[in-house]
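Chemist: Quick check, what structure comes out for this input:
(chains A and B)
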Amino acid sequence: MTLTATAPRSDVGTTGSGRKRPVRSYWRFYLALSPFYILFVVFGLYPVASTILLAFQKWDGLGARQMVGLQNFKFLIEDNTFWLSLWNTLVLFVMSTAPTLCLALLLAVMLHSAVRFSSVYRFAYFVPNITSLVAAAIFFGAIFSTNFGLINAGLRSLGLPTEDWLGQPWGIKIAISTMIVWQWTGYNTIIYLAGLQAIPTEQYEAAKVDGAGPVRTFFSITLPQLRPVVLFTVIMSTIGGLQTFTEPQVMVGTSGGAGQSGLTAVMYFYTQAFVANDYGYAAAVALSIFMLVLLVTAINWRLFRGRSES
Amino acid sequence: MIRRRGRILLHVGLAVTALISLFPFYWSLVMATNTTADIYRFPPKFTFGSQLDDNIHHVLTNIAFFQSMGNSAIVAVSGTVLVLFFDSLAAFTFAKFRFPGRNALFVILLATMLLPAQLATIPQFQTMVALGWVGSLKALIIPGAANAFGIFWMRQYFQRSIHDELVEAATLDGCGFMGTYWHVALPSARPALAFLGIFTFVASWNDYLWPLIVLTNPDHLTLQVALSQLNRSHGVDYSMVMTGALLAMIPLIIVFALFARQFIKGATEGAIRG
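Modeler: Next up, the predicted model:
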């Protein structure tokens, strides 16, 4: 979405041109657009503005709201659990996104050069993406289960020591990222594949004439051409990944499990708001998450946009 | 040119990945057809058993499964119909007509996509309290009845697929604005509507955080929240919980199997075109 939005189409600056008509004669159009904007004002704009205000207030959801200035943010800075939740979020984001996108790119290149069964593979890779997060989290919770899970059974049959996966901090992160990789690799593969198919074949032929091998062709033609698509997947993964909630919440519970290793920022927000009923503080957490998303998106944008060749 | 051996290696790689990708579905079935004790012994049982009936029976006695599934269906179907109607109407208007403020409104629409959900969650919950919608399915259906992504995506489609002359001809023939939308725009947008419809249905069916917050009555939940409850209270009985998860997936698998081609095509177009 972000990517497509940067390439505006031809219809620029048409507003107000031509004959003068009174604005009210366009009522049909405004009426046709109104559902979205009404819903947005009621369920989007007003709540967001209200959250920003709430971040500077103290409120338990029942009594009167009390202006407290920057107090919530002061508490946040000293709140170790908050920082832990941000850290967990970022670690999980890197642990899941990096393998997902690398694996997806590799699979897409492989799929692109395989002609037979391509649609079967695409189907198989895509199915995890439509599976519900709750069902998938239950499944991965089961196979990483400590005493008798499939992963431990596999380790045991290989003669390796078993692990208490969901009972220790790193095990929890590994289980959660494994699930995210499983669920999102196929989706990104399909996106990369479409990007690969859009690269003009003349470029490859020219490279072949120049005597470039497959590895050089990949790095000098495929990757640069694919850059906008990579940017799109990185941005989408950032926005989704930094708001991880369901996977850890279902797998290890709202507390975040051992060492609170599965406690993400959105889980902390949820707990502060709807378990502790500390709405002002939760609003400050929500604002911080928003800032984090903006920051990481901006960083990724710079990293993956490359030089501004269009 | 890839040589023969490379080609075989390629297919082996792709096939193994496909198997890993599909393995959880197979293993879920194994779990659902056996008892937990059979699965969690060493070495575990890898074949289908005969306990499916028992497991299903236990799911049905532990949660109001069909009621929850009914709730999920009501939310997903009505939400999808509303999104398809409101989004396509707005998208058609943006794509084919000129009116004061159009560009400004469209920029606002794009900007709304950047706002993360939890920034609105608390006041939204308070709004639901004020409206008396807490615990009601309306709280899940109405706020998402029109969305920026769908409007943006459908607009791209209308711009490409409907010529201005067609709209003008319809207007000359005496079709009003709604007539043109109904008789010209909608029929030509079937593939786009199919994608947006499945996308919305799947997202709604799988939605978890907002239903968890707003559905406060434990006897009146959507399937995902009910499943998570089942997992919390009976987590040790993996076979039974997995059976519930599998049953909850069936409607989605059916929808996806029917429309996989359009869906995969649509999902990629959103990223590549524009």
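
Chemist: can the host helix or strand of B:L82 be found next to chain A?
Modeler: With secondary structure defined by DSSP states H and E, B:L82 is part of helix B:65-96. Yes - contact between helix B:65-96 and chain A is present through B:86-87, B:89-90, B:92-94 (criterion: CB under 8 Å from any CB of the partner chain). C-beta here means a position set from N, CA and C on the backbone, and glycine is covered the same way.

Chemist: what does stretch B:118-128 give?
Modeler: Yes - for stretch B:118-128, a contact with chain A is found by CB under 8 Å from any CB, at B:118-127.

Chemist: so how many other residues sit close to the residue in the stretch 101-250 of chain A that chain B sits nearest to?
Modeler: When distances are taken as CB to the nearest CB, the stretch 101-250 of chain A approaches chain B most closely through A:F148, which lies 3.1 Å from it. If you count neighbours by other CB atoms under 10 Å in any protein chain shown, A:F148 ends up with 18.

Chemist: next one: B:L172
Modeler: 8.

Chemist: Pass me the low-pLDDT residue ranges in chain B, would you?
Modeler: Under the criterion pLDDT under 70, the flagged ranges of chain B are B:1-2, B:269-274.

Chemist: Just want the most central residue of it.
Modeler: Closest to where the C-alpha atoms of chain B average out (CA atoms, centre = their mean) is B:V202, at 1.5 Å.

Chemist: Spell out which helix or strand contains it, please.
Modeler: With secondary structure defined by DSSP H and E, B:V202 is part of helix B:190-206.

Chemist: One more: A:T297?
Modeler: In this structure, A:T297 sits in helix A:279-305 according to DSSP H and E.

Chemist: which strands and helices sit next to that helix?
Modeler: helix A:46-54, strand A:57-58, helix A:71-78, helix A:80-113, helix A:223-241, helix A:265-270, helix B:118-131 (3 or more CB pairs under 8 Å, 6 or more residues apart in numbering or on different chains; DSSP states H and E).

Chemist: Please identify the most buried of those.
Modeler: Per residue and on average, the most neighbours among the helices and strands packed on helix A:279-305 fall to helix A:265-270, with a mean of 26 (mean count of other CB atoms under 10 Å in any protein chain shown).

Chemist: quick one on the thing from earlier: so what's the residue lying closest to the residue of the stretch 101-250 of chain A closest to chain B once chain neighbours are set aside up against?
Modeler: Closest residue to A:F148 in three dimensions, ignoring its sequence neighbours and counting by CB to CB, 6 or more residues apart in numbering or on different chains: B:Y40, at 3.1 Å. Neighbour list for B:Y40: A:145, A:147-149, B:238 [criterion: CB atoms under 8 Å, 6 or more residues apart in numbering or on different chains].

Chemist: Selection in PyMOL covering whichever of those are buried, please.
Modeler: Selecting in PyMOL just the buried members of the contacts of B:Y40, where the criterion is 16 or more other CB atoms under 10 Å in any protein chain shown, is done with this command:
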select buried, (chain A and resi 145+148+149) or (chain B and resi 238)
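
Chemist: Now secondary structure too, for the contacts of B:Y40, in a markdown table please.
Modeler: As requested, these are arranged in a markdown table below (DSSP: H, G, I helix; E, B strand; the rest coil):
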| residue | secondary structure |
| --- | --- |
| A:S145 | coil |
| A:N147 | coil |
| A:F148 | coil |
| A:G149 | coil |
| B:Y238 | helix |
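
Chemist: now, which of the contacts of B:Y40 sits nearest B:D173?
Modeler: B:Y238 (62.9 Å; CB to CB).

Chemist: For that closest one, give its distance to B:L110.
Modeler: 45 Å (CB to CB, to the nearest Å).

Chemist: Touching, B:I142 and A:P35? I think so.
Modeler: No - judged on CB atoms under 8 Å, B:I142 makes no contact with A:P35 at a distance of 10.4 Å.

Chemist: just to revisit the earlier point, any chance of a markdown table for the helices and strands packed on helix A:279-305, columns distance to A:E202?
Modeler: Shown next, in a markdown table, are those (distance: least, CB to CB, whole Å):
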| stretch | distance to A:E202 |
| --- | --- |
| helix A:46-54 | 48 |
| strand A:57-58 | 62 |
| helix A:71-78 | 55 |
| helix A:80-113 | 16 |
| helix A:223-241 | 12 |
| helix A:265-270 | 46 |
| helix B:118-131 | 47 |
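
Chemist: So which of the ones you listed is nearest B:F158?
Modeler: Put simply, out of the helices and strands packed on helix A:279-305 the one that sits nearest B:F158 is helix A:223-241, at 21.8 Å, with distance taken as CB to CB.

Chemist: tell me the mean pLDDT over the closest one?
Modeler: Helix A:223-241 carries an average pLDDT of 90.

Chemist: hmm, it in reach of chain B?
Modeler: Yes - shown here: helix A:223-241 in contact with chain B (CB under 8 Å from any CB) through A:229, A:232-233, A:239.

Chemist: From the residues of helix B:65-96 next to chain A, pick the one nearest B:G13.
Modeler: For those, with B:G13 as the reference and CB to CB as the criterion, the closest is B:D87, at 39.6 Å.

Chemist: how near is that closest one to A:L33?
Modeler: When B:D87 is compared with A:L33 (using CB to CB), they lie 11 Å apart.

Chemist: Which one of these two is surrounded by more residues?
Modeler: A count of neighbours by other CB under 10 Å puts B:D87 above the other of B:D87 and A:L33, at 27 against 24.

Chemist: Pull the contacting residues for the more buried one.
Modeler: Taking CB under 8 Å, 6+ apart as the criterion, B:D87 is in contact with A:36, B:146-147, B:150-151, B:154, B:196.

Chemist: Tell me which of those fall in helices.
Modeler: The helices in this structure, assigned by DSSP state H, contain A:36, B:150-151, B:154, B:196 from these.

Chemist: The helix or strand hosting A:G154 - what's its average pLDDT?
Modeler: Secondary-structure assignment from DSSP H and E places A:G154 in helix A:150-157. In this model, helix A:150-157 has a mean pLDDT of 88.

Chemist: what do you get for stretch A:174-193?
Modeler: If you average the pLDDT over stretch A:174-193, you get 95.

Chemist: How many residues are close by B:V77?
Modeler: 14.

Chemist: actually B:R160, not the one I typed
Modeler: 13.

Chemist: State the three-state secondary structure for it.
Modeler: In terms of secondary structure, B:R160 is helix; the call rests on three-state DSSP.

Chemist: Next, work out how far apart it and A:E205 are.
Modeler: B:R160 sits 29 Å away from A:E205 when distances are taken as CB to CB.

Chemist: Likewise for B:G179?
Modeler: Counting by CB to CB, the gap from B:G179 to A:E205 is 51 Å.

Chemist: And the two? Which one has more around it.
Modeler: Between B:G179 and A:E205, counting by other CB under 10 Å, B:G179 is the more crowded of the two (13 against 10).

Chemist: near chain A at all, the host helix or strand of that one?
Modeler: Under the criterion DSSP H and E, the helix or strand holding B:G179 is helix B:177-180. Yes - Helix B:177-180 comes into contact with chain A when judged by CB under 8 Å from any CB, the residues involved being B:177-178.
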